[in-house]
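Peer 1: Structure of the sequence below:
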Amino acid sequence: MKKIIVVMAIVLFSITAWAQENSFTLSGGYAFANIEDNDTGVTGWRLNGLYEFNPAGGNFVHGFSFGYIGTSGESDGVSQSTTEYKINTWPIYYAPKFLIGKGSAKGFIKGALGAQTTTFKRTGSFGELKDADIGFYGGAGAGFMKTFNEKMFITVEYEWAYLSNSAYKDGFMNSAMLGIGMKF
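Peer 2: Here you go, the predicted model:
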C-alpha cells in the first residue's frame, strides 16, 4: 500500500511540474530619472532580462529580472559652467506579475522588489567625482503582452521604480520598454 501511495504522489507532483510554463523575455527601451538635490534630469536607455515561471498556467507569474540602466544628463551652473552626470545602474529583483485577460492578448500588472548597484560620475568646473553604491530597488509596472504562437510573444510595458543610493538619493526611475520573449 505504501508503494502505491508513493508512486501516486510522484505521478501527481510530476503532472504539476509539466504544467509549469517557463519563459524568458529580453526587453529594452527609454529610461529617465531626476537626481535629488539637483534640478537635473537624466535620460538614457535600459536593457532587461526576465526569467518567469507560471505554475500550472495560472494568472499569477513569478519572475526574476536582471538588467542595465545607463543614464546621463547635464546642468547649467553658475557663471556658465556645465556639470555632466553619467549614472549606470544594474538592478536585480523579484518580479511577480498578474495576467489580465484570455487568449493571445493579455494585460498585466507587476511588482519589483530587489537590489541594485550604481556607479556615478560627475564632471564639472570643480573637477571629477566618481562613486559607487548599492541600495534598494522596488517598484511597480503595467503592460501588454501579445502571443504569436506557442513559443513567441512581445511585450510593451512601463515601469516606475524607487532607487535608494547615494547617486539618486532616493530617486525615481521611469522606464518604457519593448520586449520579445520565448516560452519553453
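
Peer 1: make it CA atoms for all contacts and neighbour counts henceforth
Peer 2: Fine.

Peer 1: what are the ranges of the helices in the chain?
Peer 2: Using DSSP state H, the helices of the chain run over 2-19.

Peer 1: Now do the strands in it.
Peer 2: According to DSSP state E, the chain carries its strands in the segments 21-34, 41-54, 60-76, 82-94, 97-100, 105-124, 127-147, 152-163, 171-183.

Peer 1: possible to save those strands as JSON lines with mean neighbour count, mean pLDDT and distance to residue 3?
Peer 2: Formatted as JSON lines, those follow (neighbours: other CA atoms under 10 Å; pLDDT from 0 to 100; distance: least, CA to CA, whole Å):
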{"stretch": "strand 21-34", "mean neighbour count": "19", "mean pLDDT": "94", "distance to residue 3": "30"}
{"stretch": "strand 41-54", "mean neighbour count": "19", "mean pLDDT": "94", "distance to residue 3": "31"}
{"stretch": "strand 60-76", "mean neighbour count": "18", "mean pLDDT": "92", "distance to residue 3": "34"}
{"stretch": "strand 82-94", "mean neighbour count": "20", "mean pLDDT": "92", "distance to residue 3": "39"}
{"stretch": "strand 97-100", "mean neighbour count": "17", "mean pLDDT": "96", "distance to residue 3": "39"}
{"stretch": "strand 105-124", "mean neighbour count": "18", "mean pLDDT": "93", "distance to residue 3": "43"}
{"stretch": "strand 127-147", "mean neighbour count": "16", "mean pLDDT": "93", "distance to residue 3": "43"}
{"stretch": "strand 152-163", "mean neighbour count": "19", "mean pLDDT": "96", "distance to residue 3": "42"}
{"stretch": "strand 171-183", "mean neighbour count": "19", "mean pLDDT": "94", "distance to residue 3": "36"}
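
Peer 1: got the contact list for residue 137?
Peer 2: Shown in contact with residue 137 (CA atoms under 8 Å, 6 or more residues apart in numbering): 91, 93, 112, 113, 114, 115, 116, 161, 162, 163, 164.

Peer 1: Contacts only, for the last one.
Peer 2: Shown in contact with residue 164 (CA under 8 Å, 6+ apart): 134, 135, 136, 137, 170, 171.

Peer 1: Which one of the residues you listed is nearest to residue 148?
Peer 2: residue 137 (32.1 Å; CA to CA).

Peer 1: and the gap between the closest one and residue 112?
Peer 2: 7 Å (CA to CA, to the nearest Å).

Peer 1: which neighbours do these two share?
Peer 2: Counting by CA under 8 Å, 6+ apart, the residues touching both residue 137 and residue 112 are 93, 161.

Peer 1: I'd like the distance between the residue found closest to residue 81 once you drop the neighbours it is linked to in the chain and residue 72.
Peer 2: Distances taken as CA to CA, 6 or more residues apart in numbering put residue 125 closest to residue 81, at 6.3 Å, once the chain neighbours are dropped. According to CA to CA, residue 125 and residue 72 sit 17 Å apart.
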